[in-house]
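>>> Next comes the sequence, and after it the predicted model I'd like to discuss.
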Amino acid sequence: MAPLSEVITALSELADASIEAALSQAHHETVERFGEPIGETSGKPVRMTVLGLGKLGGRELNMSSDVDLIFAFQESGVTDGPKSISNHEFFIK
């Protein structure tokens, strides 16, 4: 019974929250195995950024929309765990 604008906003927010939760959980599990990814130049922890494109990016997602995502991270480097891997390998996992 909600207007269309409310429905597409709510669906977009649900998708955004779901993607953020999945990213957070995947990061946590991968850090447990390989350590925190550290930037080669900055020496600071590096996080992945997920950009929503199309209808999600425009906050116009509907029930039949697909979700197009771009994944990026700031800086090369290696993880600080006992089983160190490159940041590139970390974010692929």
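Thanks, I have the structure now. Numbering: from 1, shown residues only.
>>> show me where this protein has helices.
If DSSP state H is used as the criterion, the helices of the chain fall at 4-34, 54-57, 87-92.
>>> Keeping just the C-alphas, turn stretch 78-87 into PDB.
Written as PDB, here are the backbone C-alpha positions of stretch 78-87 (Å, rounded to 0.1, in the frame of the first residue of the first chain):
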ATOM      1  CA  VAL A  78      50.500  -7.300   2.300                       C
ATOM      2  CA  THR A  79      48.500  -8.600   5.300                       C
ATOM      3  CA  ASP A  80      50.000  -8.600   8.800                       C
ATOM      4  CA  GLY A  81      49.100 -12.100   9.800                       C
ATOM      5  CA  PRO A  82      51.200 -15.300  10.100                       C
ATOM      6  CA  LYS A  83      50.000 -16.500   6.700                       C
ATOM      7  CA  SER A  84      50.700 -13.100   4.900                       C
ATOM      8  CA  ILE A  85      49.300 -12.600   1.400                       C
ATOM      9  CA  SER A  86      49.100  -9.600  -0.900                       C
ATOM     10  CA  ASN A  87      46.300  -7.100  -0.500                       C
END
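>>> That one: which residues count as buried?
Neighbour counts over stretch 78-87 (16 or more other Cβ atoms under 10 Å) mark Val78, Thr79, Gly81, Ile85, Asn87 as buried. Placement of C-beta: from N, CA and C, glycine included.
>>> next one: that stretch to chain centre, how far?
Taking Cα atoms, centre = their mean, to the nearest Å, one finds stretch 78-87 lying 19 Å from the centre of the chain it belongs to.
>>> who's in contact with the residue nearest to Gly77 when sequence neighbours are not counted?
Residue nearest to Gly77 in three dimensions, not counting chain neighbours: Glu40, with 3.9 Å by Cβ to Cβ, 6 or more residues apart in numbering. Applying Cβ atoms under 8 Å, 6 or more residues apart in numbering to Glu40 gives the contacts Glu75, Ser76, Gly77, Val78, Asn87.
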